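Peer 1: Sequence and predicted structure are below.
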Amino acid sequence: YYKLGADIALVGINTTTMFPIATCAGTFDGSGYVISDMNALTGMFTTVTGTIKNLGLNGINIRPTGNTIGAFTGTLAGGTIQNCYAEGDIIGSGGTYGGIAGTTTGTAKISGCYYNGNITTTNTTATTAKNIAGIVGFSNGVIVSNCFSIGTFSAVDAPAGIVGCLGGATAVPNNIENCY
């Protein structure tokens, strides 16, 4: 269990070597605090199987070199993100980008979250410029509830405000509830 005790300002710090943190398997509680000015090539975590809650990311500037990127995690694998927000921009050359999570699998849950910013791919071919959205780029199992996104989402294929693409096995639920 990890719990923030204060805001963290990353102004002037080269965060490209700090992020991503490999896996969040436990609980990361932001306690309502904010991590600001994150300039990175990825989001905070590669994979989340545990819980991230009560955390704000303000002034993010993510320039992805990878294919699956979200401000909090590239892959939310059966984990939970709740009462979190991200504000800023994700601009890359193509892939699956989400304001909160790049992709979700299993029984992932995102609730009470929002993204405010721009997510753009500079690649103009549909094979690499896919699944861009304010909350989740691609879902193979997620329940998204009480979330919203504001901004511009630009891609050749499947840009959306909440989830770029709902896919995967029919046995895995994909539900979007009370979102805008």
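Peer 2: Thanks, I have the structure now.
Peer 1: contacts and neighbour counts: CA atoms only from here.
Peer 2: Fine.
Peer 1: For the protein, give me the ranges with low pLDDT.
Peer 2: Applying pLDDT under 70 to the chain picks out residues 124-129, 157-158, 168-172.
Peer 1: what about 90?
Peer 2: Along the chain, the parts satisfying pLDDT under 90 run over 11-22, 41-42, 64-67, 92-96, 106-107, 120-132, 138, 140-141, 153-161, 164-175.
Peer 1: Surely residue 45 is in contact with residue 25?
Peer 2: No - judged on C-alpha atoms under 8 Å, residue 45 makes no contact with residue 25 at a distance of 10.3 Å.
Peer 1: Between those two, which has more neighbouring residues?
Peer 2: Counted by other C-alpha atoms under 10 Å, residue 45 and residue 25 do not tie: residue 45 has more neighbours, with 21 against 15.
Peer 1: quick one, what contacts the more buried one?
Peer 2: Contacts for residue 45 (C-alpha atoms under 8 Å, 6 or more residues apart in numbering) come out as 19, 20, 21, 22, 23, 24, 72, 73, 74.
Peer 1: Residue 100 now?
Peer 2: Contacts of residue 100 were listed using C-alpha under 8 Å, 6+ apart, and they are 70, 71, 72, 73, 85, 86, 113, 114, 115, 134, 135, 136.
Peer 1: OK, contacts around residue 134?
Peer 2: Contacts of residue 134 (C-alpha under 8 Å, 6+ apart): 98-100, 114-116, 119, 148-151, 153, 160-163.
Peer 1: Just the residues you listed: which are in strands?
Peer 2: 98, 114, 115, 116, 119, 148, 149, 150, 151, 153, 160, 163 (DSSP state E).
Peer 1: In a markdown table: those residues, plus distance to residue 5 and neighbour count.
Peer 2: Output for the ones in strands among the contacts of residue 134, formatted as a markdown table (distance: C-alpha to C-alpha, whole Å; neighbours: other C-alpha atoms under 10 Å):
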| residue | distance to residue 5 | neighbour count |
| --- | --- | --- |
| 98 | 27 | 34 |
| 114 | 22 | 25 |
| 115 | 23 | 27 |
| 116 | 24 | 20 |
| 119 | 30 | 23 |
| 148 | 27 | 20 |
| 149 | 27 | 25 |
| 150 | 28 | 15 |
| 151 | 30 | 16 |
| 153 | 33 | 25 |
| 160 | 35 | 21 |
| 163 | 32 | 27 |
